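Trainee: What follows is a predicted structure for the sequence shown.
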Number of protein chains: 2
Amino acid sequence: MLALPKKTDYALIALHYLLEHPDRIAPAREIAEIYHLPCALLMNVMKELQQGGLVRSVRGAKGGYQLSVDPRQATLYDVVVLTGGGEPALTECCQDAVLHAPSGAEEIRCQVGSGCPVRQPLRALHHRLVRFLKDVKLADLLQPGYRIDVPLESVGVTSSSVTASSIRF
Amino acid sequence: MLALPKKTDYALIALHYLLEHPDRIAPAREIAEIYHLPCALLMNVMKELQQGGLVRSVRGAKGGYQLSVDPRQATLYDVVVLTGGGEPALTECCQDAVLHAPSGAEEIRCQVGSGCPVRQPLRALHHRLVRFLKDVKLADLLQPGYRIDVPLESVGVTSSSVTASSIRF
DNA sequence: TGAATCCGCACCGCGTAGGTGCTATTATGG
DNA sequence: CCATAATAGCACCTACGCGGTGCGGATTCA
């Protein structure tokens, strides 16, 4: 649990490839063969990315896919939403439909009801998580120069001294 | 996806209750009835918490559960591990067994093999996530005074000015 | 025309989360 | 010592979603 679906993995691999070959129109088969991914499945994933506007598809012979967004604009959040089947929700209570209920009064879906003592805290966590995912730009994540800068137990110290290209939680 | 199992929800609710009733030895049934949770299921969860040492169980009549850790020491990570079935792994490559392989040479499990272009970045994300979960203390999460301090679109600004009791990603 | 490629949909199998039930064990209270 | 209240420890069941496959059609290029 607390895991990303494999689709997201495949999507990131494909996006990485497209990012490194901006000139090519890369067919799904090509990417699948290079990274030993099941071709049919990758095509499903690419379709989802295309529907979400992250890639552009060219049909017919010599067709393929091409990145259609600025990798410094598009975020990990976009990929997760497209390949994970909608907005991520830490718990049911955090679902978008619940949070932005049309009636204004938010709908309570779990059995606990309105007296749930952990709903607010969990929603806070959820917001943090979403914000984090949105802060991770594809360019940061997929660039070959990417590096871990986790100081391994600098916990407690404010992590405000990270480099600009690194990922901030 | 990217969701916590319901067990974790239940565990947090129960821990919250135990935290607010440090004197009582609260039976699972009591907690279940108050929050309208399925009693049998909650007992399963409590058992897992007990095995992990988060709560102490008293058997027999007038038995029940009691917090057995300092809520300022125990973290959300502990609860997730106990109720989520082991270490969370953002992807297969991030699994603990893979990362700390006995042979030293890390085992590659996905089909992509050692040429996977997104493995390192994903592991970096994973480490961030784990560190975050470990930074969230139960006391912070479950105390009634808990408050969201997300400035709603202060993204881009360094979030180093958060209060001490708030959660830092 | 034929080959290559994407498109859209339907379908399948399996693992796992979520939930239930039963029995054993332990302790209290009379 | 017995009845009762409670957890412990299983085994089990069910539903759903992920991962994956297949097929017919549409589109483009040679």
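Mentor: On my side now, so go ahead. Computed from a predicted model, the values in this text were never measured in an experiment.

Trainee: Show me how far the top helix by length along chain A is from its chain's centre.
Mentor: The longest helix of chain A (DSSP state H) is helix A:119-135. For helix A:119-135, the distance between its averaged C-alpha position and the chain's averaged C-alpha position is 14 Å (CA atoms, centre = their mean, to the nearest Å).

Trainee: same check, this time on stretch A:30-44
Mentor: Averaging C-alpha coordinates over stretch A:30-44 and over its chain gives two centres that are 19 Å apart (CA atoms, centre = their mean).

Trainee: now do stretch A:136-144
Mentor: Taking mean C-alpha positions (CA atoms, centre = their mean), stretch A:136-144 and its chain are 11 Å apart.

Trainee: What residues sit buried inside it?
Mentor: Within stretch A:136-144, the residues that qualify as buried by neighbour count (16 or more other CB atoms under 10 Å in any protein chain shown) are A:Val136, A:Lys137, A:Leu138, A:Ala139, A:Asp140, A:Leu141, A:Leu142, A:Gln143. No exception for glycine: its C-beta is placed from N, CA and C like everyone else's.

Trainee: What are the neighbouring residues in contact with the residue lying farthest from the centre of chain A?
Mentor: What lies farthest from the middle of chain A is A:Gly115; by CA atoms, centre = their mean that is 32.5 Å. Contacts for A:Gly115 were tallied using CB atoms under 8 Å, 6 or more residues apart in numbering or on different chains; they are B:Tyr35.

Trainee: Return the backbone torsion pair for it.
Mentor: phi -90, psi 10 (degrees, to the nearest 10).

Trainee: Please tell me how far it sits from B:Ile13.
Mentor: A:Gly115 sits 10 Å away from B:Ile13, going by CB to CB, to the nearest Å.

Trainee: any common contacting residues for the two?
Mentor: Common neighbours of A:Gly115 and B:Ile13 are listed as B:Tyr35 (criterion: CB under 8 Å, 6+ apart).

Trainee: Whichever helix or strand A:Ala139 is part of and chain B, any residue contact?
Mentor: Under DSSP states H and E, the secondary-structure element containing A:Ala139 is helix A:138-142. Yes: contact check for helix A:138-142 against chain B, using CB under 8 Å from any CB of the partner chain: residues in range are A:Leu141, A:Leu142.

Trainee: Which strands or helices does that helix pack on?
Mentor: Where contact means 3 or more CB pairs under 8 Å, 6 or more residues apart in numbering or on different chains; DSSP states H and E, helix A:138-142 is packed against helix A:6-20, helix A:76-83, helix B:119-135.

Trainee: low-scoring stretches of chain A, by residue?
Mentor: Within chain A, the segments meeting pLDDT under 70 span A:96-111, A:144-169.

Trainee: Around DNA strand D, pick out the residues from it.
Mentor: A:5-7, A:38, A:40-41, A:44, A:59-63, A:84-85 (CB under 7 Å from any atom of the strand).

Trainee: Recalculate using a threshold of 10 Å.
Mentor: With CB under 10 Å from any atom of the strand as the criterion, chain A comes near DNA strand D at residues A:3-10, A:25, A:32, A:37-45, A:47, A:58-63, A:83-86.

Trainee: Any quick ChimeraX command for the buried ones out of those?
Mentor: Here is the ChimeraX selection string for the buried members of the residues of chain A next to DNA strand D, based on 16+ other CB under 10 Å:
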select /A:3,4,5,7,8,9,10,32,37,42,43,45,83,84
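
Trainee: Kindly identify which of the residues of chain A next to DNA strand D also come near DNA strand C.
Mentor: Judged by CB under 10 Å from any atom of the strand, the overlap between the residues of chain A next to DNA strand D and the neighbourhood of DNA strand C comprises A:3, A:25, A:32, A:39-44, A:47, A:58-63.

Trainee: and which of those residues is nearest B:Glu92?
Mentor: Sorting these by distance to B:Glu92 puts A:Ala3 at the head of the list, at 8.4 Å, by CB to CB.

Trainee: SS state for the residue in chain A that DNA strand D sits nearest to?
Mentor: Nearest residue of chain A to DNA strand D (CB to the nearest atom of the strand) works out as A:Gly60 at 2.4 Å. Using DSSP: H, G, I helix; E, B strand; the rest coil, the three-state assignment for A:Gly60 comes out as coil.

Trainee: Show the backbone phi and psi for it.
Mentor: phi 80, psi 180.

Trainee: and the gap between A:Arg128 and A:Met46?
Mentor: Here the criterion is CB to CB. By it, A:Arg128 lies 31 Å from A:Met46.

Trainee: Between the two, point out the one with more neighbours.
Mentor: With neighbours defined as other CB atoms under 10 Å in any protein chain shown, A:Arg128 and A:Met46 compare such that A:Met46 has more, 25 against 22.

Trainee: which ones are touching that one?
Mentor: If you count contacts by CB under 8 Å, 6+ apart, A:Met46 has them with A:Ala14, A:Ala28, A:Val55, A:Ser57, A:Tyr65.

Trainee: For those, name the two members farthest from one another.
Mentor: Farthest apart among those by CB to CB are A:Ala14 and A:Ser57. That separation is 12.1 Å.
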